[in-house]
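Undergrad: give me coordinates for this.
(one chain, ligands or ions: 3)
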Amino acid sequence: MGNTYGLERLGLVNPGTVYRNLPVARLVEIALARGEGILAPNGALSVNTGKYTGRSPNDRFIVDTPTVHDSISWGTVNQPVSETTFECLYSRLTAYLQGRDLFVFDGFVGADPAYRMPIRIVNQYAWQNLFVHQLFIRPTAAELAGHEPQFTVICAPGFKANPELDGTRSEAFIVLNFDRRLVIIGGTSYAGEMKKSIFTVMNYLLPDQGVCPMHCSANMGPAGDTALFFGLSGTGKTTLSADPERYLIGDDEHGWSDKGIFNFEGGCYAKCIKLSAEHEPQIWNAIRFGSVLENVVVDPHCRIIDYDSDALTENTRAAYPVDFIPNAVIPGVGGHPRTVVFLTADAFGVMPPIAKLTREQAMYHFLSGYTSKLAGTERGITEPQATFSTCFGAPFLPRSPMVYAGLLGERIARHNASVYLVNTGWTGGPYGTGRRMSLPYTRAMVRAALNGELDEVEFTSDPVFGFLVPKACPGIPAEILNPRNTWGEPEKYDAMARKLAGLFRENFAKFKDVPASILEAGPVSK
Ligand SMILES: Nc1ncnc2c1ncn2[C@@H]1O[C@H](COP(=O)(O)OP(=O)(O)O)[C@@H](O)[C@H]1O
Ligand SMILES: C=C(OP(=O)(O)O)C(=O)O
Ligand SMILES: [Mn+2]
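TA: Ligands and ions are numbered 1, 2, ... in the order given. All right, here's what the predicted structure looks like:
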């Protein structure tokens, strides 16, 4: 029998061949030989995930054990399952995997050696093992030799749960078990479930180590100044952090410790619907041999890639290691951020393209997490839907939002970071009548904020939300800065703004123990 690398300790007995940390070329060869995907003309491995093309938040559970019971914010996001349910499902999963070839990736999450955690991902599919190889932090040969995983993900999309037997909601499940330090995934092949599960684990563990975990991208300017871009899926974290004038640290998940910031991952996971070489050259060029294209339409005969097609999903993706972007920072660490950007994709077309927030407003908007869910990233979402996703990442936060807001607010104050709200969503009217904000304009505004150019301009106070809106911004026609001017009928804008302010108030009512100064930083007019 071949080496099983200790898998039997997880109850994974009698496997077929176990492959551990295969090089990229072999994973690609095996994936192709097994018919898991096809080669795209740019060299990327192209795969389709079938029924599940986005995350399935309703199928995600956390095992409710005494150790974690009091520190998890239970509810519709963090749904509990019992240990008995977990053990039954787990034994059926391990039985399913007997006799099958398995692909193991041993590596790390967390670029700062002080906080990094050795992890193991066990995959049924070679392509998913390539995905995690590129997305997480790859070990050196020496690190691999001494590797002892502290958390494991087992991902077996071919194993479909039976809700009656297994206590799941459907055939798909993502179950996190902190006592066993194990995540099990079945029924769905969407690769994002693996990375976001480990993100959730870090979001649980790091606050106890004095680190603020954040759903944000990060980059660094030539002078070493770092910036963070918070935002729910599809709001522009990946796109805006890939900036030819700056050094990329990471596109999605970071921690902020007493030393500065660090990426959790070693790769990026870019949305590629309507991707163009003109608007996103760095991402375009990162899609090559070693990358994975997920649910992007690639013609099986003539092998033409159609980035414009949403035939399989709007949520088409490319996964690649950070160093496929020129000027990436390896290892992904940086100093304390000078600028923090909250990205919102406002489907009402109300929010200005950029606004400067006071510290209290920053906390109010961080807790609110106002944005729109964009089509495709979660099952059942087919058009933009206004949502309040606390901390711009509610689906990934196992603890109370106050834990994360407290950690972030304290760091923003201590390091005197400037905070901006940037609307990458609609302008000129709501979704349907208006249009998506122009990406070149958003880039110009972000550049001005990061360069300090916005410190030099005049601002007006937004009559509804109270934050400061610049009157001018280099590279931008001034009239787009006030969203009211972009609507055909400004009175309709006023009505919509009042409606949105009402939604903010309604949503914020759920936060009970918030200091008055933060409560008062919400919408100013009734
Ligand atoms: N003004 C804009 N700012 C940022 N992204 C935009 C804008 N307009 C359109 N987009 C598109 O929106 C998507 C943003 O996705 P992405 O950066 O992957 O989001 P995230 O990383 O936050 O999930 C990309 O497909 C990008 O091309
Ligand atoms: C991968 C995801 O997130 P993001 O779009 O933020 O990268 C996701 O939500 O499945
Ligand atoms: Mn992203």
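Undergrad: what's the burial count for Leu182?
TA: 21 (other C-beta atoms under 10 Å). All C-beta atoms are positioned from the backbone trio N, CA, C, and that covers glycine.
Undergrad: leaving out sequence neighbours, find the closest residue to it.
TA: Excluding the flanking residues, the one nearest Leu182 by C-beta to C-beta, 6 or more residues apart in numbering is Thr152, at 5.3 Å.
Undergrad: also Leu503?
TA: Ala386 (6.9 Å).
Undergrad: next one: Ala362
TA: Using C-beta to C-beta, 6+ apart, the closest residue to Ala362 is Val419 (4.0 Å).
Undergrad: show me what contacts that neighbour?
TA: Neighbouring residues of Val419 by C-beta atoms under 8 Å, 6 or more residues apart in numbering: Thr339, Val340, Val341, Phe342, Lys356, Leu357, Arg359, Gln361, Ala362, Ile412.
Undergrad: the third one in helix, strand or coil?
TA: Okay, so that is Val341. strand (DSSP: H, G, I helix; E, B strand; the rest coil).
Undergrad: count the residues that sit near it.
TA: 27.
Undergrad: that one and Glu253, how far apart?
TA: As for Val341, its distance to Glu253 is 16 Å (criterion: C-beta to C-beta, to the nearest Å).
Undergrad: redo the contacts of Val419 as a markdown table? Include pLDDT and distance to Thr235.
TA: Below are the contacts of Val419 laid out as a markdown table (pLDDT from 0 to 100; distance: C-beta to C-beta, whole Å):
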| residue | pLDDT | distance to Thr235 |
| --- | --- | --- |
| Thr339 | 98 | 17 |
| Val340 | 98 | 14 |
| Val341 | 98 | 10 |
| Phe342 | 98 | 9 |
| Lys356 | 98 | 18 |
| Leu357 | 98 | 16 |
| Arg359 | 97 | 22 |
| Gln361 | 98 | 18 |
| Ala362 | 98 | 17 |
| Ile412 | 98 | 19 |
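Undergrad: how about those residues in CSV, adding distance to ligand 2?
TA: Formatted as CSV, the contacts of Val419 follow (distance: C-beta to the nearest ligand atom, whole Å):
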residue, distance to ligand 2
Thr339, 20
Val340, 17
Val341, 15
Phe342, 14
Lys356, 24
Leu357, 21
Arg359, 25
Gln361, 23
Ala362, 20
Ile412, 21
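Undergrad: doesn't Cys272 make contact with Tyr307?
TA: Yes. Counting by C-beta atoms under 8 Å, Cys272 is a contact partner of Tyr307 at 5.5 Å.
Undergrad: what touches both of these two?
TA: With C-beta under 8 Å, 6+ apart, Tyr307 and Cys272 have common neighbours Val296, Thr316.
Undergrad: hang on, the earlier thing: shouldn't the residue nearest to Ala362 be within a helix?
TA: No. Counting by three-state DSSP, Val419 is located in no helix; its state is strand.
Undergrad: that one and ligand 3, how far apart?
TA: Noted for Val419: a distance of 20 Å to ligand 3, by C-beta to the ion, to the nearest Å.
Undergrad: for Phe61, same thing?
TA: In terms of C-beta to the ion, Phe61 sits 24 Å off from ligand 3.
Undergrad: swap in Phe136?
TA: 15 Å.
Undergrad: please apply the same query to Gly236.
TA: 8 Å.
Undergrad: list the contacts for that residue?
TA: Phe229, Leu343, Ala345, Val422, Thr424, Thr442.
Undergrad: ok, now Tyr204?
TA: Counted by C-beta under 8 Å, 6+ apart, Tyr204 has contacts Val68, Ser71, Ile72, Phe178, Pro398, Arg399.
Undergrad: how close does Val81 sit to Leu176?
TA: For Val81 relative to Leu176 (C-beta to C-beta), the value is 10 Å.
Undergrad: in terms of neighbours, single out the busier of these two.
TA: Leu176 (27 against 19).
Undergrad: how close does that one get to Gly35?
TA: For Leu176, the distance to Gly35 - C-beta to C-beta - is 31 Å.
Undergrad: same check on Asn58?
TA: 30 Å.
Undergrad: and the residue of the stretch 401-526 of the chain found nearest ligand 2, what are its phi and psi?
TA: Nearest to ligand 2 in the stretch 401-526 of the chain, going by C-beta to the nearest ligand atom, is Thr424, at a distance of 12.6 Å. Thr424 adopts backbone torsions of phi -100, psi 10, taken as degrees, to the nearest 10.
Undergrad: perfect, that will be all.
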